[in-house]
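Q: starting from these lines, generate the structure:
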Amino acid sequence: MDAGGAQADPAAAACWRVLCLLAERVRAGGEPVRACWLRIGEAPEICLDDEPPPAGPGWRVLLLLDPAATGDFPPVPGESRYLVEDLIALRPLARGDLPPAAAALLETYAPYALAAEHARRAGRAFAVSHFAQSLDGRIATCGGDSKWIGCAENLLHAHRMRALCDGVLIGARTLRADRPALTVRHAEGGSPVRIVVGAAGNGDVDCLLAAGPGPILLVGDGEAPASPQVERLPLPRRNGRIATAAILEELYRRGVLSVYVEGGSATTSAFLADGTIDVLQLHISPLILGTGIPSFVRPEITAVAESVRFATHLYRPVGDGILFVGRVA
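A: So this is what the prediction gives:
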């Protein structure tokens, strides 16, 4: 996936606008989605299930979420058809006339545009996590420097993921160390709800407030927010910490149906340990740090069989690195 090239390609740009529109339609709906048509062109269009398929000019794509529905939709010449498999992959059923750059963008991001559908089936927010790491599994130096382990194309990918998801989530230590904005700036699309887990105070969120409007949620106990833009969610603790499932269930109740977890290591590891990460993304960069902060903090195991496994996984080239995408088993 050459994200930079896709951004400049007119067909890919039109495809991205359709993907953002698809995310909005699925998020706003309430009924289970079995299939959806996309019309990619100057006048983008989304048609779900039994709605009449798009008939105007542009490239036509059919996405099937239910394998049993394959025979319910007769093929159309030039139409591209995909089956959504295991939350992360689109399996081509028919290669239509969609240009390659647009097809690559669609195959990478369409599963996340459908995240609200997965959330409704699970009864909690859909969670996808992302790290940029070195070949030896480090996300920062011992002193906390992480710029730039990823590349420009991976940065664009991260902002696209923010645009497709309802919320972006980090830990309080990452907030204090990186002072991020957590907004969408390098891609077309709206910014998500910004969520911080842990002991974040009013002084810590200044960087988020300065970055722009939009809700900010602080998960955990602490001082009352000084800004009306900020809300605190004092969820109950168990064994000293807030269960990540409780966080995702509360977000779901608030209409945040998909969450992009951007770290840090302890926060993402807590979600992974609880089994609440649906999809894991690791951008692996061609460099070795030797020492530094690891991507994950896991209890010691004595057998390889105890390791985290993936039901499905794939690799996509991104800039000078590679993106591992795995559906956690």
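
Q: how about the helices in this structure?
A: Secondary structure of the chain, counting by DSSP state H: helices at 3-8, 10-28, 100-113, 115-122, 152-164, 172-178, 206-211, 244-253, 265-274.

Q: could you report the separation of the closest residue to residue 140 other than its chain neighbours from residue 116?
A: Spatial nearest neighbour of residue 140, chain neighbours left out: residue 146 (3.9 Å); criterion: CB to CB, 6 or more residues apart in numbering. Placement of C-beta: from N, CA and C, glycine included. When distance is defined by CB to CB, to the nearest Å, residue 146 is 31 Å away from residue 116.

Q: quick one: which of those two has more around it?
A: Between residue 146 and residue 116, counted using other CB atoms under 10 Å, the more crowded position is residue 116 (26 against 22).

Q: can you pull the buried residues of stretch 52-63?
A: Along stretch 52-63, these residues count as buried under the neighbour rule (16 or more other CB atoms under 10 Å): 53, 54, 58, 59, 60, 61, 62, 63.

Q: what bridges to the last one?
A: Taking DSSP bridges, one finds residue 36, residue 82 as the beta-bridge partners of residue 63.

Q: just checking, it touches residue 107?
A: No: at 10.6 Å, residue 63 and residue 107 do not qualify as touching, with contact defined as CB atoms under 8 Å.

Q: quickly list what's touching both of the two.
A: Taking CB atoms under 8 Å, 6 or more residues apart in numbering as the contact criterion, the common neighbours of residue 63 and residue 107 are 82, 90.

Q: ok, back up a step: switch the helices of the chain over to JSON lines; also include mean pLDDT and distance to residue 235.
A: Listed next are the helices of the chain as JSON lines, based on pLDDT from 0 to 100; distance: least, CB to CB, whole Å:
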{"stretch": "helix 3-8", "mean pLDDT": "48", "distance to residue 235": "36"}
{"stretch": "helix 10-28", "mean pLDDT": "96", "distance to residue 235": "23"}
{"stretch": "helix 100-113", "mean pLDDT": "96", "distance to residue 235": "25"}
{"stretch": "helix 115-122", "mean pLDDT": "95", "distance to residue 235": "18"}
{"stretch": "helix 152-164", "mean pLDDT": "97", "distance to residue 235": "23"}
{"stretch": "helix 172-178", "mean pLDDT": "92", "distance to residue 235": "14"}
{"stretch": "helix 206-211", "mean pLDDT": "96", "distance to residue 235": "20"}
{"stretch": "helix 244-253", "mean pLDDT": "97", "distance to residue 235": "5"}
{"stretch": "helix 265-274", "mean pLDDT": "94", "distance to residue 235": "13"}
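
Q: want to throw these into JSON lines with distance to residue 132?
A: What follows is the helices of the chain, written out as JSON lines (distance: least, CB to CB, whole Å):
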{"stretch": "helix 3-8", "distance to residue 132": "13"}
{"stretch": "helix 10-28", "distance to residue 132": "21"}
{"stretch": "helix 100-113", "distance to residue 132": "16"}
{"stretch": "helix 115-122", "distance to residue 132": "21"}
{"stretch": "helix 152-164", "distance to residue 132": "6"}
{"stretch": "helix 172-178", "distance to residue 132": "12"}
{"stretch": "helix 206-211", "distance to residue 132": "20"}
{"stretch": "helix 244-253", "distance to residue 132": "22"}
{"stretch": "helix 265-274", "distance to residue 132": "12"}
